[in-house]
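[1] Any chance you could fold what I've pasted below:
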Amino acid sequence: MTALHFQSATAIARAIRDGDITARAALEHFLDRVDRLNGPINAVIVQDREGARARADAADAARVAGAALGPLQGLPMTIKESYQFAGTATTYGIPQMKDNVTQDTALAIQRLAAAGANVFGKTNVPIRLADFQSYNDIYGTTNNPWDHGRTPGGSSGGSAAALAAGLTGLEMGSDIGGSIRNPAHFCGVFGHKGTWNLIPPRGHALDDSVTPTDISVVGPLARSAFDLELALKLTAGPDLIETPGLKLDLPALEGPLSGLKIAIWASADPFCPTSAGVGARIQAVADALGRAGAQVSDKARPDISPEHTHTVFSALLSAAMAARLPEDDFRRRIAKADGAAADDMSPAVVQARWQTLRVRDWSTLNEQRNQLRWAWRRFFDDVDFLITPVMPVTAFPHDHGPEGSRVIDVDGRTVPYFNQTFWAGLAGVVYLPATVFPAGLATDGLPVGLQIIGPAYGDLRTIQLAQRLEQLGFGFVAPKGFD
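    Below you'll find the model as predicted:
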């Protein structure tokens, strides 16, 4: 029998509802594991133990009294540090914000709590949520449970590490440049980046801002794709400002795998090549789908240019993330962009231009983005899903050097550090859903996750294909040393 800490959130909550274990006992089980196992990985960095114990006791009392029980009744869970959670600090890893204790709770977390979830802590992030690694001067460095010398990913790195180590039952992360997807890949868990604004992000902010950030989404990470579906259904749907006129009705995946057309895009060589270790797991998934009867194609592609897509994504991503910069930093970017010669196309100057786009220039890029959206729409008229890598390599060693000097080694080939956002940007820039599932271990013994991209609002379908793959054997495997 699977140990409690490695069971799915759905199974843990069911056990609590059925009385097989109390909510308090489940909570204490995870708290004990945090005490014993969190230190070397440093994933859970904020805890609300007394509040969680009171909520667990209330959940148990409600069950004894015969009250209606939520689908996540008493489930111990953690959330990414960047969510507002009343009584705790939301810092984005920025030292100047270490005392930013909020009195509100993000909408998505409110919805999970209304379903019975019991948040007992928060998990680590990189500064400003802007890295494939999770370290900052407030909380320190989070290590990958599979290899402490390697990154767990970012910016939801603490989320994925806590799940993989069995320190929590469920997680909520966020994603603008792969921040749910690359940690899920690096740590061997499931994650879902939804259609943009499908889950309202209100409360995932350093302040009281209520405007959704372009490209950015919030969403769940879990040890099972069935948990992703439950969490999505509980958190998705319009915010109060939209409820008078909007109703959610997501299509489901129906019929057998033999009725599906699935495209596989394994490498974007030479721009963003894929390592042999990752490539082998892509082939294993393609073979399994083929044996199950799906029509699998390694030739079908949306009518887009990879380089153009990456440029549009990088520009709009830079503009969106620049809103998080302090005023002085932003002014320096303006001076750098405006002071450069018109023909200066050096990376630092181009980045500064993107970060300080004028409305007219942003609108031009947005039109290019919407042309890409229509190209994807036409692609999904003929193909059900596209499966791609999340990153070109497995979890890489910690590298906290200057960002401009960082590179990634792909089987002996040096690739610029931020070229890795290519695969995340495919779905991100055009607002499409992407579900990450564990595809097995590479030859280096580290997990590989792949992403299933589907059409807009095809979130349930991409998650449900991940469920089919989970049932075919592509599921969570616990790292050694966390039994």
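[2] got a list of what the nearest residue to Ile94 once chain neighbours are set aside touches?
    Distance criterion Cβ to Cβ, 6 or more residues apart in numbering; nearest residue to Ile94, sequence neighbours excluded, is Ile127 at 5.9 Å. For the C-beta atoms, the positions are set from N, CA and C on the backbone; glycine is no exception. Taking Cβ atoms under 8 Å, 6 or more residues apart in numbering, we find Ile127 in contact with Tyr92, Gly93, Ile94, Tyr135, Asn136, Asp137.
[3] distance of the third one from Gln355?
    When distances are taken as Cβ to Cβ, to the nearest Å, Ile94 and Gln355 turn out to be 17 Å apart.
[4] now the fourth one
    Tyr135 sits 23 Å away from Gln355, going by Cβ to Cβ.
[5] pLDDT score assigned to Pro270?
    With respect to pLDDT, Pro270 has a value of 86.
[6] That one - that's part of a strand, no?
    No. Read with DSSP: H, G, I helix; E, B strand; the rest coil, Pro270 is coil and lies in no strand.
[7] That one - how many residues pack around it?
    Number of residues near Pro270 (other Cβ atoms under 10 Å) recorded here: 8.
[8] Touching, Leu246 and Pro238? I think so.
    Yes. Counting by Cβ atoms under 8 Å, Leu246 does reach Pro238; the two are 4.2 Å apart.
[9] Looking at the two now, which is surrounded by more residues?
    Set Leu246 next to Pro238 and count neighbours by other Cβ under 10 Å: Pro238 wins out with 15 against 10.
[10] give the contact list for that one.
    Pro238 sits in contact with Pro200, Leu246, Lys247, Leu248, where contact means Cβ under 8 Å, 6+ apart.
[11] dump the residue contacts of the last one.
    When you say that, I think you mean Leu248. Contacts for Leu248 (Cβ under 8 Å, 6+ apart) come out as Leu198, Ala236, Gly237, Pro238.
[12] before we move on, what about the second one?
    Under the criterion of Cβ under 8 Å, 6+ apart, the neighbours of Leu246 are Pro238.
[13] how much space between His400 and Ala315?
    Counting by Cβ to Cβ, the gap from His400 to Ala315 is 27 Å.
[14] more crowded one of those two?
    Using other Cβ under 10 Å as the criterion, His400 and Ala315 rank with Ala315 on top: 23 against 12.
[15] Confirm that one sits in a strand?
    No. Read with three-state DSSP, Ala315 is helix and lies in no strand.
[16] Touching, it and Trp354? I think so.
    Yes. Counting by Cβ under 8 Å, Trp354 is a contact partner of Ala315 at 4.4 Å.
[17] what sits in contact with each of those two?
    In contact with both Ala315 and Trp354: no residue, using Cβ under 8 Å, 6+ apart.
[18] returning to what we had before: list phi and psi for the residue nearest to Ile94.
    phi -60, psi 130 (degrees, to the nearest 10).
[19] Look up how far Glu81 lies from it.
    Distance, Ile127 to Glu81, using Cβ to Cβ: 11 Å.
[20] how far away is Phe385 from Phe379?
    Computed as Cβ to Cβ, the Phe385 to Phe379 distance reads 11 Å.
[21] Which residue of those two possesses the greater neighbour count?
    Each of Phe385 and Phe379 has its neighbours counted (other Cβ under 10 Å); Phe385 has more, 23 against 18.
[22] Which of the helices and strands in the protein ranks last by mean pLDDT?
    strand 413-416 (a mean of 93; mean pLDDT, DSSP states H and E).
[23] about what we covered before: now a ChimeraX select for only the buried ones of the contacts of Ile127.
    In ChimeraX syntax, the buried subset of these is picked out as below (16 or more other Cβ atoms under 10 Å):
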select :92,93,94,135,136
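[24] burial count for the closest residue in space to Leu31 that isn't next to it in sequence?
    Distances taken as Cβ to Cβ, 6+ apart put Arg49 closest to Leu31, at 6.4 Å, once the chain neighbours are dropped. The number of residues packed near Arg49 is 13, by other Cβ under 10 Å.
[25] so Arg49 touches Phe30, yeah?
    No. In this structure, Arg49 is not within contact of Phe30 by Cβ under 8 Å, at 10.6 Å.
[26] so what sits against both of those two?
    Common neighbours of Arg49 and Phe30, using Cβ under 8 Å, 6+ apart, are Phe120.
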